[in-house]
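**Student:** Kindly generate the corresponding structure for this input.
(chains A and B)
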Amino acid sequence: GIQVEQSPPDLILQEGANSTLRCNFSDSVNNLQWFHQNPWGQLINLFYIPSGTKQNGRLSATTVATERYSLLYISSSQTTDSGVYFCAVSWMDSSYKLIFGSGTRLLVRP
Amino acid sequence: KAGVTQTPRYLIKTRGQQVTLSCSPISGHRSVSWYQQTPGQGLQFLFEYFSETQRNKGNFPGRFSGRQFSNSRSEMNVSTLELGDSALYLCASSLSLGFTDTQYFGPGTRLTVL
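**Tutor:** Residues are numbered from 1 along each chain as shown, chains lettered A, B, ... in the order given. Sure thing, here's the model as predicted:
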């Protein structure tokens, strides 16, 4: 099956700093999403981005499908950005499965 | 539009018991999928339902089962609970089958097995 790897596993930032989170995947995908899991466990959808670039406020994401990676950019980080960021993919040969990476745990300090 | 709802939010059971969790998708969504999240295994796919039919199942034992009703609401059942079943169970809904569009997650049910 497809492999999904996220890096870095942990990240500590000072408020106001910028960061880039990476997601590598081992096969062609027809769905790629970025999620933020808050301290209460809720997964918040950030982007549906199987290819291309999208922006939403301080967050943006880029997926280069041909090179099998996606990047999530967080600019001017705030303490509320803390939590775990997951990348999840569904791939072309799958039978309707969404596979999650192991996540990047982000801590933003005031 | 209301989001995905899950009930109950917290549950404590003992080994050997069974449990039923419920998920109500976003209005108009016909696909419901379930996931288990544990510290050791991360987020793992359990199954997906679309139009009252199970479309795919993850690598979980037969003790894990589910169903979907005509209004798209879904339930999952775990029988003969084991300590290792303690986890956060998340459900997600989407418009179409096959994970080709955005998945929206509910707040989860945190199950503790004693």
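
**Student:** got the contact list for stretch A:47-56?
**Tutor:** For stretch A:47-56, the surrounding residues in contact (CB atoms under 8 Å, 6 or more residues apart in numbering or on different chains) are A:29-34, A:46, A:59-65, A:70, A:72, B:101-102. To be clear about C-beta, it is placed using only N, CA and C from the backbone, and glycine gets the same treatment.

**Student:** how far is stretch B:60-68 from where the chain is centred?
**Tutor:** 9 Å (CA atoms, centre = their mean, to the nearest Å).

**Student:** again with stretch B:69-77
**Tutor:** On CA atoms, centre = their mean, the centre of stretch B:69-77 falls 10 Å from the chain's centre.

**Student:** List the buried residues in that stretch.
**Tutor:** B:72, B:73, B:74, B:75, B:76 (16 or more other CB atoms under 10 Å in any protein chain shown).

**Student:** Among these, which are located in strands?
**Tutor:** Among those, the residues falling in strands (DSSP state E) are B:74, B:75, B:76.

**Student:** Any residue of stretch B:28-41 touching chain A?
**Tutor:** Yes. Judged by CB under 8 Å from any CB of the partner chain, stretch B:28-41 comes into contact with chain A at B:33, B:35, B:37.

**Student:** Tell me where the chain has strands.
**Tutor:** All of this is about chain A. Under DSSP E, chain A gives strands at A:4-7, A:10-14, A:19-25, A:29-37, A:43-48, A:52-56, A:59-64, A:69-74, A:83-91, A:99-100, A:104-109.

**Student:** To clarify, I was referring to chain B.
**Tutor:** For chain B, the strands defined by DSSP E occupy B:5-7, B:10-13, B:19-24, B:31-38, B:42-50, B:53-57, B:64-68, B:74-78, B:87-94, B:104-105, B:109-113.
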